[in-house]
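Undergrad: what's the 3D shape of this:
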Amino acid sequence: MTKTISILGSTGSIGRQTLDVVRHLPIRVAALSAGTNAERMAEQIREFHPRLVSMGTEAAARELRSLLTEPMPEILYGEAGLLAAASVEEADTVLTAVVGMVGLKPTLAALERGKRIGLANKETMVCAGELVMQTARANGAEIIPVDSEHSAIFQCLMGSRSREEVKRLILTCSGGPFFGRSRQELRQVTRDDALRHPNWKMGEKITIDCATLMNKGLEVIEAMRLYELPAEQVDVVIHRQSIVHSLVEFVDGAVLAQLGVPDMRIPIQLALTYPKRVENPAPGLDLLSCPPLSFAAPDPETFACFAIARAVAKQGGTACAVMNGANELAVEKFLRREIGFYEISDLVQAALDAVPFKANPSLEEILEADRLARALVESR
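TA: Down below sits the predicted model:
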């Protein structure tokens, strides 16, 4: 069980919910990192007293210092600060809740020091999953997933003796705000439309990914890496109620599912307390009052990002980093109202068509593929 934690992305949705879990557990906070929200970080420092803090920019670090009185923590910024927060010696667990490719280097740095990773940064596994898993094995480090779907798979596999017993993983998907809509109906949807997720309160980037179903495609690749199974053994079903968080089907026909209310504090806490389970501040599931549970197939024709991700899952290599990098920047453009909804998938496909493919990339080649993909999207 975690005794001391470093939280990367502490002012975001997952980071704040992690601190809510920490309030109820005997866990000390050693380090925190954030982007530019200095006021929220100052509040967290006053409550949790971390030794080290990192902000995304020098200006944000300067603002944070102006909000605090002595004694104050060591305040760093940028990539160097993020790496320092991931590597802080006294933390036995690093929860990675930063969004995007920026999480890769700090995750590797923490794994190299043998720390447990509470993984809420799926882009790290999508772009460099093989390298991440190799680094974890080499240093005896644990990776415990925080995403509700991957935590559900993790829990369903606890009693499995061998991956040979597994027939397939079944990831559930809420369907986002546009479930049941046609491609024609989605051509004119706006940023605000896409941000209205029916079940979860999340950051803007992941909420848009849920609207395009790119998030579920990313999770397919993450599941392949985490559980070392091919794409053919990872399926997706639409489950609007977000009560069944994922399932595992075994070769003998048995299917195990993990159910719970849609509250991220449940998988977050398990990542911190595993292998123990302790009382959680989240509400329990009342089977007598929960809605009927329904399941449907995803629509890859309407949701082109999902179809692209399924194809990339089979291709592997730098295609994963290209897709992720292009999607990150395309989503930023959509959030700035610079492009339309379907231009996200168009830009991702354009990057995949243009950036040279490498089958077994090094870290440097992964980072270069990411850079080229972003440059292409930026130029359009």
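
Undergrad: Check what pLDDT Asp92 gets.
TA: We have a pLDDT of 97 for Asp92.

Undergrad: Helix, strand, or coil at Cys236?
TA: Wrong residue type there; residue 236 is Val, not Cys. strand (DSSP: H, G, I helix; E, B strand; the rest coil).

Undergrad: Could you do Lys205 as well?
TA: Applying three-state DSSP: Lys205 is helix.

Undergrad: Check which residues of the helix or strand bottoming out on mean pLDDT in the chain are buried.
TA: Every helix and strand of the chain was ranked by mean pLDDT, DSSP states H and E. The lowest is helix 183-186, at a mean of 90. Under the neighbour-count criterion of 16 or more other C-beta atoms under 10 Å, helix 183-186 has Leu186 buried. For the C-beta atoms, the positions are set from N, CA and C on the backbone; glycine is no exception.

Undergrad: What average pLDDT does the very next helix or strand once past it get?
TA: The helix or strand immediately downstream of helix 183-186 is helix 191-194, counting by DSSP states H and E. The average pLDDT within helix 191-194 is 92.

Undergrad: Return the distance of helix 191-194 from the chain's centre.
TA: Distance of helix 191-194 from its chain centroid, counting by C-alpha atoms, centre = their mean, to the nearest Å, is 21 Å.

Undergrad: Pull the CA coordinates from that helix and hand them back as PDB.
TA: This file holds the C-alpha atoms of helix 191-194, laid out as PDB (Å, rounded to 0.1, in the frame of the first residue of the first chain):
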ATOM      1  CA  ARG A 191     -17.300  22.500 -29.100                       C
ATOM      2  CA  ASP A 192     -20.000  23.000 -26.500                       C
ATOM      3  CA  ASP A 193     -22.000  20.100 -27.800                       C
ATOM      4  CA  ALA A 194     -19.000  17.800 -27.700                       C
END
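
Undergrad: coming back round to it: which elements pack onto the least confident helix or strand of the chain?
TA: helix 341-354 (3 or more C-beta pairs under 8 Å, 6 or more residues apart in numbering; DSSP states H and E).

Undergrad: any residues touching the helix it packs on, and which ones?
TA: 183, 186-187, 189, 194, 208, 211-212, 214, 304-305, 308, 312, 319, 322-323, 325-327, 329-331, 333-334, 339, 372-373, 376-377, 380 (C-beta atoms under 8 Å, 6 or more residues apart in numbering).

Undergrad: could I get the least confident helix or strand of the chain in PDB with only the CA atoms?
TA: Output of helix 183-186 as PDB, limited to C-alpha atoms (Å, rounded to 0.1, in the frame of the first residue of the first chain):
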ATOM      1  CA  ARG A 183     -22.500  11.200 -39.600                       C
ATOM      2  CA  GLN A 184     -24.600  13.900 -41.300                       C
ATOM      3  CA  GLU A 185     -26.100  15.000 -38.000                       C
ATOM      4  CA  LEU A 186     -22.600  15.400 -36.500                       C
END
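
Undergrad: Outside of it itself, which residues are in contact with it?
TA: Contacts to helix 183-186, defined as C-beta under 8 Å, 6+ apart, come from residues Phe178, Glu301, Thr302, Phe341, Tyr342.

Undergrad: Spatially, what comes nearest to the third one if we skip its sequence neighbours?
TA: Once flanking residues are discounted, Thr302 sits nearest to Arg183: 4.7 Å by C-beta to C-beta, 6 or more residues apart in numbering.

Undergrad: hang on, the earlier thing: buried subset of the contacts of helix 341-354 as a PyMOL selection?
TA: To isolate the buried ones among the contacts of helix 341-354 in PyMOL, judged by 16+ other C-beta under 10 Å, type:
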select buried, resi 186+189+194+208+211+212+214+304+305+308+312+319+322+323+325+326+327+329+330+331+333+334+339+372+373+376+377
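
Undergrad: What distance do you get for the closest residue in space to Trp200 that isn't next to it in sequence to Gln241?
TA: Nearest residue to Trp200 in three dimensions, chain neighbours excluded: Pro262, at 5.9 Å (C-beta to C-beta, 6+ apart). The gap separating Pro262 from Gln241 is 8 Å, by C-beta to C-beta, to the nearest Å.

Undergrad: Next, show the common contact partners of the two.
TA: Asn199.

Undergrad: Go ahead and confirm Asn199 touches Ser242.
TA: Yes. Using C-beta atoms under 8 Å, Asn199 is in contact with Ser242, at 4.2 Å.

Undergrad: who touches both of the two?
TA: Shared contacts of Asn199 and Ser242, defined by C-beta under 8 Å, 6+ apart, comprise Ser174, Pro262.

Undergrad: what about these two, which has more around it?
TA: Ser242 (20 against 16; other C-beta atoms under 10 Å).

Undergrad: Please enumerate the strands of this protein.
TA: All strands of the chain, identified by DSSP state E, fall at 4-8, 28-33, 52-55, 74-77, 93-96, 116-119, 143-145, 166-173, 234-238, 244-250, 255-259.

Undergrad: need those strands in JSON lines with distance to Ser66 and mean neighbour count, can you?
TA: As requested, the strands of the chain are exported to JSON lines (distance: least, C-beta to C-beta, whole Å; neighbours: other C-beta atoms under 10 Å):
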{"stretch": "strand 4-8", "distance to Ser66": "23", "mean neighbour count": "28"}
{"stretch": "strand 28-33", "distance to Ser66": "18", "mean neighbour count": "24"}
{"stretch": "strand 52-55", "distance to Ser66": "12", "mean neighbour count": "26"}
{"stretch": "strand 74-77", "distance to Ser66": "11", "mean neighbour count": "18"}
{"stretch": "strand 93-96", "distance to Ser66": "27", "mean neighbour count": "28"}
{"stretch": "strand 116-119", "distance to Ser66": "31", "mean neighbour count": "27"}
{"stretch": "strand 143-145", "distance to Ser66": "37", "mean neighbour count": "24"}
{"stretch": "strand 166-173", "distance to Ser66": "44", "mean neighbour count": "22"}
{"stretch": "strand 234-238", "distance to Ser66": "47", "mean neighbour count": "19"}
{"stretch": "strand 244-250", "distance to Ser66": "42", "mean neighbour count": "22"}
{"stretch": "strand 255-259", "distance to Ser66": "45", "mean neighbour count": "16"}
